[in-house]
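*Asks:* Sharing a sequence plus its predicted fold:
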Amino acid sequence: MTPDLKAEPVQPASRPRPGYRRIAGEFVRFLIMGGANTLVAYAIYLLLLNWIRYEVAYAIGYACGIVLAYALSAAFVFRKPLSRRSAVRFPLVYVAQFLVSLGLLRMAVEIFNIPEWIAFGFAVALTIPITFLLSRWVLHKG
């Protein structure tokens, strides 16, 4: 005699919450924007390394990147209009990221002996998630 096997009802695949797709799309656009922005800041950094110390070169390239990041984040990533309030608050996200990434850059160069030209990427990569969340918060709050 074979046991009576009852078929378990098939559960439909769980659907992502409605906001999940929007946030995922924002994150993908943030990564694209961040990549382009990082390339610009990195190019400025590399160029300036010919004349000034790496910390100063990083600060100048970073400042240029903030301006570009705000415009692209508002228009392309989060699709929010530029506003005076977000324009004032947005750089604060990057000041926080700057301080953390500068510390990581110095640690990479001075403690782990990572070449200066590679250490930049290390510092930026480790700060991506928090920068996304803070940028999103600032631009959605206006």
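*Replies:* Sure thing, it's come through. Numbering: from 1, shown residues only.

*Asks:* Can you list the low-confidence ranges for the chain?
*Replies:* The chain contains residues with pLDDT under 70 at 1-18, 142.

*Asks:* element containing the residue nearest the centre of it, please.
*Replies:* Geometric centre of the chain, nearest residue: Ile128, 3.6 Å, by C-alpha atoms, centre = their mean. Using DSSP states H and E, Ile128 sits within helix 116-141.

*Asks:* And Tyr62, by the same measure?
*Replies:* Judged by DSSP H and E, Tyr62 forms part of helix 54-72.

*Asks:* Can you give the contact residues for that helix?
*Replies:* Helix 54-72 is contacted from outside by 33-34, 36-38, 40-45, 48-49, 82, 86-87, 90-91, 94, 98, 102, 105-106, 109, 116, 120, 135, using C-beta atoms under 8 Å, 6 or more residues apart in numbering. Every C-beta, even on glycine, is put in place using the N, C-alpha and C of the backbone.

*Asks:* what's the angle between that helix and helix 116-141?
*Replies:* Interaxial angle, helix 54-72 versus helix 116-141 (axes from the mean of the first three to the mean of the last three C-alpha atoms, to 10 degrees): 30 degrees.

*Asks:* Export only the CA atoms of helix 54-72, formatted as PDB.
*Replies:* Extracted C-alpha coordinates of helix 54-72, given in PDB (Å, rounded to 0.1, in the frame of the first residue of the first chain):
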ATOM      1  CA  TYR A  54      47.900  63.200  -1.800                       C
ATOM      2  CA  GLU A  55      45.700  64.500   1.000                       C
ATOM      3  CA  VAL A  56      45.300  67.900  -0.700                       C
ATOM      4  CA  ALA A  57      44.800  66.400  -4.100                       C
ATOM      5  CA  TYR A  58      42.100  64.200  -2.600                       C
ATOM      6  CA  ALA A  59      40.400  67.100  -1.000                       C
ATOM      7  CA  ILE A  60      40.300  69.100  -4.200                       C
ATOM      8  CA  GLY A  61      39.100  66.200  -6.300                       C
ATOM      9  CA  TYR A  62      36.500  65.400  -3.700                       C
ATOM     10  CA  ALA A  63      35.100  69.000  -3.600                       C
ATOM     11  CA  CYS A  64      34.700  68.900  -7.400                       C
ATOM     12  CA  GLY A  65      32.900  65.600  -7.000                       C
ATOM     13  CA  ILE A  66      30.400  66.900  -4.500                       C
ATOM     14  CA  VAL A  67      29.100  69.500  -7.000                       C
ATOM     15  CA  LEU A  68      28.700  66.900  -9.700                       C
ATOM     16  CA  ALA A  69      27.200  64.300  -7.300                       C
ATOM     17  CA  TYR A  70      24.500  66.700  -6.200                       C
ATOM     18  CA  ALA A  71      23.400  67.600  -9.700                       C
ATOM     19  CA  LEU A  72      23.400  64.000 -10.800                       C
END
